[in-house]
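Colleague: how would this look folded up:
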Amino acid sequence: METPTLEQTPGMLVDLTKKFDIFMERFSTPDFQKQEIEQPIEIDEACTYLKEGKDSLYKKSRKGLVPCHKKNGRLYFFKSELLNWIKSGNAKSETEIQDETDNLLSKQ
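Modeller: Presented below is the predicted three-dimensional model:
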């Protein structure tokens, strides 16, 4: 980009002001301001949210039946993922998982 001349500066300033106004209009909306980064919850809060016992939730997590994240030996959950999991109703039994695995392996 070339260095603008003194004569070009006013026009560039007008363009920059317009772009800034558009930027502020887009990012000042209530919807944009409401966006927050979702914080993970630990197992106790997940149990309360799901109305599940701790042992039951540990077992489901270990079997991959409930969405969770493991970091440094601890389980973390996101409410949005848990809600989507509840809505999907796609929890598979061990038998279903085993059947799928056998089916996939037999195709190889």
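
Colleague: Now stretch 68-86: buried residues?
Modeller: Within stretch 68-86, the residues that count as buried by 16 or more other CB atoms under 10 Å are 68, 75, 77-78, 82, 85. All C-beta atoms are positioned from the backbone trio N, CA, C, and that covers glycine.

Colleague: likewise stretch 37-48?
Modeller: Of the residues in stretch 37-48, those scored as buried under the neighbour-count criterion (16+ other CB under 10 Å) are 40-41, 43, 46-47.

Colleague: so of the buried residues of stretch 68-86, which ones are in strands?
Modeller: Taking DSSP state E, the ones among the buried residues of stretch 68-86 that sit in strands are 75, 77.

Colleague: Now the two most distant members of the buried residues of stretch 68-86.
Modeller: Put simply, by CB to CB the two of the buried residues of stretch 68-86 set farthest apart are 75 and 85, 14.2 Å from each other.

Colleague: max-length helix in this protein?
Modeller: Using DSSP state H, we find that the single longest helix of the chain is helix 9-27.

Colleague: Neighbours of residue 60, how many?
Modeller: Using other CB atoms under 10 Å as the criterion, residue 60 is surrounded by 17 other residues.

Colleague: what about this structure, any weak spots by pLDDT?
Modeller: Low-confidence regions of the chain, defined by pLDDT under 70, span residues 1, 30-35, 90-92, 108.

Colleague: Am I right that residue 38 falls within a helix?
Modeller: No: residue state for residue 38 (DSSP: H, G, I helix; E, B strand; the rest coil) corresponds to coil; a helix is not indicated.

Colleague: That one reaches residue 77, doesn't it?
Modeller: No: applying CB atoms under 8 Å as the test, residue 38 and residue 77 come out as separate, 10.5 Å apart.

Colleague: Cheers, nothing more for now.
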